[in-house]
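Student: Provided below for reference: sequence and predicted model.
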Amino acid sequence: ARKALGKRNLVLVGLMGAGKSAIGKLVAQALGIPFIDSDHEIERVSRMTIPELFQAYGEPEFRKLEQRVIRRLLRTGPRVLSTGGGAFINEDTRAAIRDNGLSLWLDADLDVLWERVLKRDNRPLLKTENPKKTLEDLMIARYPIYATAHLRVKSRDVKKDEMVGEVIA
Ligand code: S3P
């Protein structure tokens, strides 16, 4: 898998709660390459948290910043890069990821995602009257777009090692 990647990044895409960061870190370890998370990088360069960025500048500005950060991250590799759930949905960011990286969609069922996002209160897009419905709507709207990733692995509630093995395979 390490050889197949060449100098590219393995880019994990998918909805919030799919396990992109958790699995990505372990995959990177197993492949012996660095791991980087685009949301962390955005927070580092802006010195603001994701909720603060949404609050202060709104989603369109966040998407622009996200695109710049991801384009830059894609220049260095090989690495495992986990991206925020909306990154691959943005047309320009998606094109950059598909052209310069190997994209892998970590697909998960709504209940799995929901259980995981409940654990942290850091998703501005879910600050709605009915966040589970919002998550479901996002899932329906984004599904066909994530499906254009190069690879797809179903994220399930199994031992993390098992998921890592599937991603590498
Ligand atoms: C978003 C997902 C978040 C973060 C931001 C927007 C989205 O990342 O980038 O809240 O549009 O789905 P995670 O997928 O890591 O939660």
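Tutor: Everything's here; your move.
Student: make it CA atoms for all contacts and neighbour counts henceforth
Tutor: Noted.
Student: residues of this protein that sit close to the ligand?
Tutor: By C-alpha under 6 Å from any ligand atom, the residues of the chain that approach the ligand are 15-16, 39, 84-86, 123-124.
Student: could you pull up the residues touching residue 25?
Tutor: Neighbour list for residue 25: 35-36, 80 [criterion: C-alpha atoms under 8 Å, 6 or more residues apart in numbering].
Student: picking that back up, neighbour-wise, give me the winner out of the residues of the chain next to the ligand.
Tutor: Highest neighbour count within these, by other C-alpha atoms under 10 Å: residue 15, with 26 neighbours.
Student: element containing the residue nearest to that residue when sequence neighbours are not counted, please.
Tutor: Of all residues not flanking residue 15 in the chain, residue 85 sits nearest, at 4.6 Å (C-alpha to C-alpha, 6 or more residues apart in numbering). Assigned by DSSP states H and E, residue 85 belongs to no helix or strand.
Student: residues contacting residue 85?
Tutor: Shown in contact with residue 85 (C-alpha under 8 Å, 6+ apart): 13-16.
Student: and residue 97, how far from residue 152?
Tutor: Separation of residue 97 from residue 152 (C-alpha to C-alpha, to the nearest Å): 15 Å.
Student: the more surrounded of these two?
Tutor: Set residue 97 next to residue 152 and count neighbours by other C-alpha under 10 Å: residue 97 wins out with 26 against 19.
Student: what mean pLDDT would you report for the longest strand out of those in the chain?
Tutor: Longest strand of the chain, by residue count under DSSP state E: strand 101-107. For strand 101-107, mean pLDDT rounds to 97.
Student: helices and strands around it, which ones?
Tutor: Using 3 or more C-alpha pairs under 8 Å, 6 or more residues apart in numbering; DSSP states H and E, the elements in contact with strand 101-107 are strand 9-13, strand 151-154.
Student: any idea how far residue 156 is from the residue most central in space within the chain?
Tutor: By C-alpha atoms, centre = their mean, the chain has its centre lying nearest to residue 83, at 3.0 Å. Distance, residue 83 to residue 156, by C-alpha to C-alpha: 19 Å.
Student: for residue 79, phi and psi?
Tutor: Residue 79 has phi and psi values of phi -150, psi 170 when expressed as degrees, to the nearest 10.
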